[in-house]
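# no sequence for this one, just the structure:
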């Protein structure tokens, strides 16, 4: 089966940097996604990693280590609008399933 | 506008009612999904349709009945629901197969069962 773990809540200050970790266990790994979800809204795609290493996209970066079953999402120059839940999700080859973790609720303080 | 449209956005229904949620995707994808999101729980995958064939049921109660008439449309038929079924129901689509099958969500249908 699959198991995805990420912290429930985190707090950071506007302008700072925050790292949200995700660990996973799965068979037939076919990539890891990060989604952002604001309260009352649908999740929106942030990043996809299938190879080891860091993918940078503006203020957001995502890192993957397949051997460790570990990923993180790095948010720089935090803004108040970054207050949201961040969902780690894992895709597996055999059945096109994408399974989500419980999400990390990020609070940004002024 | 995400390319995935869900209706209705909000639905209140009694436990004896029959209603349906509708989803339409304009992205040319070949896989569609229903997810359920309850408070303090992860997104739960309910159904997957790939190339219009159901590939995952995930032990969802029979009071939820999906229908996928073509690759662009997906329905979730609801009957004799329970109050604990109140949740946000999210439809999503992707291009199945290969790597990076990113799924794109609709804005969701908020369901309240009274």
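Arrived safely. The structure presented is a predicted model; accordingly, all values stated were derived computationally and were not measured.
# residue 54: neighbour count?
By default, I'm working from chain A. Using other C-beta atoms under 10 Å in any protein chain shown, residue A:54 has 11 neighbouring residues. Every C-beta, even on glycine, is put in place using the N, C-alpha and C of the backbone.
# should've been chain B
12.
# check the gap between it and residue B:34 for me.
In this view, residue B:54 and residue B:34 are 11 Å apart by C-beta to C-beta, to the nearest Å.
# identify the contacts common to those two.
B:47, B:66 (C-beta atoms under 8 Å, 6 or more residues apart in numbering or on different chains).
# now for residue B:96, how many residues are close by?
Residue B:96 sits with 18 neighbouring residues when counted by other C-beta under 10 Å.
# that one against residue B:53, yeah?
No. With contact defined as C-beta atoms under 8 Å, residue B:96 does not reach residue B:53; the gap is 10.6 Å.
# what's the first-to-last distance across stretch B:76-90?
End-to-end span of stretch B:76-90 (C-alpha to C-alpha, to the nearest Å): 10 Å.
# re earlier: shared neighbours, residue B:96 and residue B:53?
When contacts are counted by C-beta under 8 Å, 6+ apart, residue B:96 and residue B:53 have no shared neighbour.
# list the buried ones in the lowest-mean-pLDDT helix or strand in chain B?
Sorting the helices and strands of chain B by mean pLDDT, DSSP states H and E puts strand B:53-56 at the bottom, at a mean of 76. For strand B:53-56, a neighbour-count test (16 or more other C-beta atoms under 10 Å in any protein chain shown) marks residue B:56 as buried.
# partners of the next helix or strand along the chain from that strand in the sheet?
For strand B:53-56, the following helix or strand on the C-terminal side (DSSP states H and E) is strand B:64-70. Using DSSP bridges, the strands paired with strand B:64-70 are strand B:73-79 (antiparallel).
# next helix or strand past the strand it pairs with?
Once strand B:73-79 ends, the next helix or strand along the chain (criterion: DSSP H and E) is strand B:87-94.
# so how many other residues sit close to the closest residue to residue A:4 other than its chain neighbours?
With C-beta to C-beta, 6 or more residues apart in numbering or on different chains as the criterion, residue A:4 has its nearest non-adjacent residue at 3.7 Å, and that residue is residue A:101. For residue A:101, the neighbour count with other C-beta under 10 Å is 21.
# what is the neighbour count of residue 87?
Just going to use chain A. 25.
# actually it's chain B I care about, not the one you picked
The number of residues packed near residue B:87 is 19, by other C-beta under 10 Å.
# so what's the backbone phi/psi at the residue nearest to residue A:4?
Dihedral angles of residue A:101 (phi, psi; degrees, to the nearest 10) stand at phi -80, psi 180.
# near chain B, which residues of chain A show up?
A:4, A:30-31, A:33, A:41-45, A:48, A:50, A:87, A:89, A:91, A:95-103 (C-beta under 8 Å from any C-beta of the partner chain).
# grab the nearest non-local neighbour of residue B:12.
Computed as C-beta to C-beta, 6+ apart, the closest residue to residue B:12 that is not its neighbour in sequence is residue B:112, at 4.7 Å.
# now do residue B:107
In this structure, residue B:107 finds its nearest non-sequential neighbour in residue A:42, 4.9 Å apart by C-beta to C-beta, 6+ apart.
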